[in-house]
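Asks: following is a predicted model, sequence given first.
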2 protein chains.
Amino acid sequence: MTNLVIVGSVALDTVKTPFGKVKDALGGAATYSSYAASFFAKPAIVGVVGSDFPKQHLQLLQQRGIDTGGVKVDKNGRTFRWEGYYEYDMNEAKTVKTELGVFANFKPQLPPSYKDAEYAFLANIDPVLQLEVLQQVRKPKLVLLDTMNYWINNRKRQLLEVVKKVDVLLLNDSEARQLFETPNLVKAAGAALKLGPRFVIIKKGEHGALLFSDGNHFSAPSYPLENIRDPTGCGDSFAGALIGYLASRNSGSEKDIRKAIIYGSVVASFNAEDFSLERMKRLTAAEIEKRYREFERMREF
Amino acid sequence: MTNLVIVGSVALDTVKTPFGKVKDALGGAATYSSYAASFFAKPAIVGVVGSDFPKQHLQLLQQRGIDTGGVKVDKNGRTFRWEGYYEYDMNEAKTVKTELGVFANFKPQLPPSYKDAEYAFLANIDPVLQLEVLQQVRKPKLVLLDTMNYWINNRKRQLLEVVKKVDVLLLNDSEARQLFETPNLVKAAGAALKLGPRFVIIKKGEHGALLFSDGNHFSAPSYPLENIRDPTGCGDSFAGALIGYLASRNSGSEKDIRKAIIYGSVVASFNAEDFSLERMKRLTAAEIEKRYREFERMREF
């Protein structure tokens, strides 16, 4: 039995930044987030890969204690692929192409051992699939939802249906402005809270993250990174560490969500230091704790 | 004798935002910053106005305990005027026109009672004038320098000369990137510190502010304002409250600079709530303290 289910993409990424490039490297929202969560909890993932997906990638996740029993191998297609690049300022990924591959016909099916999970992360994926996963989880205590501008543009109605059913909505700042049609993030968060979630977290990349709940506000700093090699997967690493920490504490209190946001920021900041999952593969619990203490000192006044 | 000298523009602003407009309203960097500083200290200002400048504006400053003995009235010209507007997202001021007026021939001349001030704020103005003021202050303990992209484009060499002579350099994020030719703010701050200042503060508007010093880093949140009516003068109000607080504590320690940044953020957030100096005119010490406590809760984890 698992206590944390993550659904999202398992992908092969081709990425170029001013500091290097990788071709068909391990990526995907479920991959980054489950790996980040594995520093705190034992996540189980739901996703699909094609027959071309290298076995060692799944083994890498399994070695971290990640349950990959929910990853279907679809012999009839290729693994989901994303190709993109970042320019000098590293702020925004430019997509060159996306090949849906086996994701085009994916119907998520949770193994029985996943269905009693109390924590769930619906990573960036078609909201229709997010909803199907949510319906299979029997009694979740805390559901975290991520999305992206593509779904706001193409599945807004379905996305808003999912938003109504989750506890924590995660968005980046431009998505929040777009989804709630206001330039003001405070107003966007207020509109989101009215739909149902108890918490809204707005990721602002190099500017940190904001937490909004009824009447309360938390502003998390970002780590001052001098060398960012590849920001791919930082949002997913943030979310994975966040929900992993909450699952490990078995808590959805605001106090713990604040701490979870800092752990998310810590792991995401490490993730940006190298391509694919390379930095997380070398990351230790001691490094995480050390940087968490640095975050504490960064906001003292 | 005064302990805090501020040099900068005293202006008449014509501003339009989605929430209203004002014509020839009181503005200018020295005005906003000295008014903000007056909540903590007794600043003295150096500047120039034309014969058209309404007397009641100077009286308003004097009633706050601001020494305006260093404001020259130049009968041969008009007061400095700025006209600009903000679009819906309120992030960036668009300049319609700037009339230098009496500032074109201004030579700052400090009254004798200003020359022993230990705290000085060189607000946004031609770096050549900033340098002339600095040369007249006998033994400053802490000098704070602000600037803007116009001087980076047109007086870079002179600006860097001033940077070398000050204790605290204040920039917004785009100016920091431009002046030090890097998209990375950590690298920009590192380059700035190498020139001489002990502290570099990078203002990021709605994303808060960053403090860099040798080996230390502080990240200040911004206040989650739902209604911004006019951001004009927020940077100057931030700087004024900051140096006003430091002068009142007679301190340039990092600990106090962190607190001063929060006081600066508090006063700037109030300033954005109304046009010109309208909100600051109604602002009380109790409101400042209350919002300062809110900042404390916003960063707790």
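Replies: That came through fine. Residues are numbered from 1 along each chain as shown, chains lettered A, B, ... in the order given.
Asks: the helices in the stretch 201-301 of chain A, which residues?
Replies: Applying DSSP state H, counting those that start in this stretch to the stretch 201-301 of chain A gives helices spanning A:234-249, A:254-271, A:278-282, A:285-298.
Asks: okay, those helices, which one's buried deepest?
Replies: With neighbours taken as mean count of other C-beta atoms under 10 Å in any protein chain shown, those reach their highest mean count in helix A:234-249, at a mean of 28. All C-beta atoms are positioned from the backbone trio N, CA, C, and that covers glycine.
Asks: how far away is residue A:55 from residue A:11?
Replies: 16 Å (C-beta to C-beta, to the nearest Å).
Asks: repeat that for residue A:64.
Replies: 18 Å.
Asks: so how far is chain B from the closest residue to residue A:77 other than its chain neighbours?
Replies: Closest residue to residue A:77 apart from its sequence neighbours, by C-beta to C-beta, 6 or more residues apart in numbering or on different chains: residue A:102 at 4.0 Å. Applying C-beta to the nearest C-beta, to the nearest Å, the value for residue A:102 to chain B is 37 Å.
Asks: residues in contact with residue A:102?
Replies: Contact analysis of residue A:102 by C-beta atoms under 8 Å, 6 or more residues apart in numbering or on different chains lists A:48-50, A:74, A:76-80.
Asks: return the item of the residues you listed having minimum pLDDT.
Replies: Within the contacts of residue A:102, pLDDT reaches its minimum at residue A:76, with 93.
Asks: helix, strand or coil for it?
Replies: coil (DSSP: H, G, I helix; E, B strand; the rest coil).
Asks: residue A:43 versus that one, what's the distance?
Replies: For residue A:76, the distance to residue A:43 - C-beta to C-beta - is 27 Å.
Asks: the two: which is more packed in?
Replies: A side-by-side neighbour count of residue A:76 and residue A:43, using other C-beta atoms under 10 Å in any protein chain shown, places residue A:43 first with 30 against 9.
Asks: how near is residue A:55 to chain B?
Replies: 38 Å.
Asks: next up, the contacts around the residue nearest to residue A:222 when sequence neighbours are not counted.
Replies: Of all residues not flanking residue A:222 in the chain, residue A:208 sits nearest, at 4.2 Å (C-beta to C-beta, 6+ apart). Applying C-beta under 8 Å, 6+ apart, we find residue A:208 in contact with A:219-222, A:265, B:207-208, B:219, B:221.
Asks: centroid residue for chain A?
Replies: residue A:236 (2.6 Å; C-alpha atoms, centre = their mean).
Asks: my read: that residue touches residue A:37, true?
Replies: No. Contact criterion C-beta atoms under 8 Å: residue A:236 and residue A:37 do not qualify, at 9.9 Å.
Asks: near chain B, which residues of chain A?
Replies: A:88-90, A:183-187, A:190, A:204, A:206-208, A:210, A:212, A:216-222, A:224-226, A:228, A:258-259, A:261-262, A:295-301 (C-beta under 8 Å from any C-beta of the partner chain).
Asks: could you pull out the helices for the stretch 1-150 of chain A?
Replies: A:29-37, A:55-63, A:127-136, A:149-154.
Asks: quick one, strands of the stretch 101-250 of chain A?
Replies: Ranges of strands in the stretch 101-250 of chain A, per DSSP state E, counting those that start in this stretch, are A:119-122, A:142-145, A:168-172, A:199-203, A:209-213, A:216-220.
Asks: for those, which one ends up most surrounded?
Replies: Mean neighbour counts for the strands of the stretch 101-250 of chain A (mean count of other C-beta under 10 Å) peak at strand A:119-122, with a mean of 30.
Asks: who does it pair up with?
Replies: Strands that pair with strand A:119-122, judged by DSSP bridges, come out as strand A:4-7 (parallel), strand A:142-145 (parallel).
Asks: quick one: it to chain centroid distance?
Replies: Offset of strand A:119-122 from its chain centre (C-alpha atoms, centre = their mean, to the nearest Å): 10 Å.
Asks: run through who's touching it.
Replies: So strand A:119-122 is in contact with A:3-8, A:33, A:37, A:41, A:43, A:130, A:133-134, A:137, A:140-146, A:162, A:166, A:239-240, A:243, A:246-247, going by C-beta under 8 Å, 6+ apart.
Asks: so between residue A:55 and residue A:11, which is more surrounded?
Replies: residue A:11 (26 against 8).
Asks: next up, the contacts around the more buried one.
Replies: A:26-29, A:31, A:79-82.
Asks: what does residue A:30 give?
Replies: Residue A:30 touches A:6-10, A:45-47, A:123, A:236, counting by C-beta under 8 Å, 6+ apart.
Asks: distance of the closest residue to residue A:203 other than its chain neighbours from chain B?
Replies: Once flanking residues are discounted, residue A:203 sits nearest to residue A:172: 4.6 Å by C-beta to C-beta, 6+ apart. Here residue A:172 is placed at a distance of 13 Å from chain B (C-beta to the nearest C-beta).
Asks: quick one: pLDDT of residue A:33?
Replies: pLDDT for residue A:33: 98.
Asks: pretty sure residue A:42 contacts residue A:5?
Replies: No. Using C-beta under 8 Å, residue A:42 is not in contact with residue A:5; the gap is 11.0 Å.
Asks: between those two, who's got more neighbours?
Replies: Using other C-beta under 10 Å, the more surrounded residue of residue A:42 and residue A:5 is residue A:5, with 32 against 17.
Asks: just the pLDDT for the closest residue to the more buried one other than its chain neighbours.
Replies: Nearest non-adjacent residue to residue A:5, counting by C-beta to C-beta, 6+ apart: residue A:117, 4.2 Å away. Per-residue confidence (pLDDT) for residue A:117: 97.
Asks: count the residues that sit near residue A:117.
Replies: By the measure other C-beta under 10 Å, the count of residues near residue A:117 is 25.
Asks: and it, what is it in contact with?
Replies: Contacts of residue A:117 (C-beta under 8 Å, 6+ apart): A:1-5, A:44, A:137, A:140.
Asks: over to residue A:40?
Replies: Contacts for residue A:40 were tallied using C-beta under 8 Å, 6+ apart; they are A:241, A:244-245, A:247-248, A:263.
Asks: mind doing that once more with 6 Å?
Replies: A:244-245, A:248 (C-beta atoms under 6 Å, 6 or more residues apart in numbering or on different chains).
Asks: hang on, residue A:180 packs against residue A:189?
Replies: No. Between residue A:180 and residue A:189 there is no contact under C-beta atoms under 6 Å: 8.2 Å.
Asks: neighbour count winner among the two?
Replies: Set residue A:180 next to residue A:189 and count neighbours by other C-beta under 10 Å: residue A:189 wins out with 27 against 20.
Asks: and the nearest residue to the more buried one once chain neighbours are set aside, how far is that from residue B:207?
Replies: Among residues not flanking residue A:189 along the chain, residue A:212 sits closest, at 3.7 Å (C-beta to C-beta, 6+ apart). Taking C-beta to C-beta as the measure, residue A:212 falls 16 Å from residue B:207.
Asks: do residue A:100 as well
Replies: With distances taken as C-beta to C-beta, residue A:100 is found 35 Å from residue B:207.
Asks: still on that earlier bit, between residue A:42 and residue A:5, what contacts are shared?
Replies: What both residue A:42 and residue A:5 touch, as defined by C-beta under 6 Å, 6+ apart, is an empty set.
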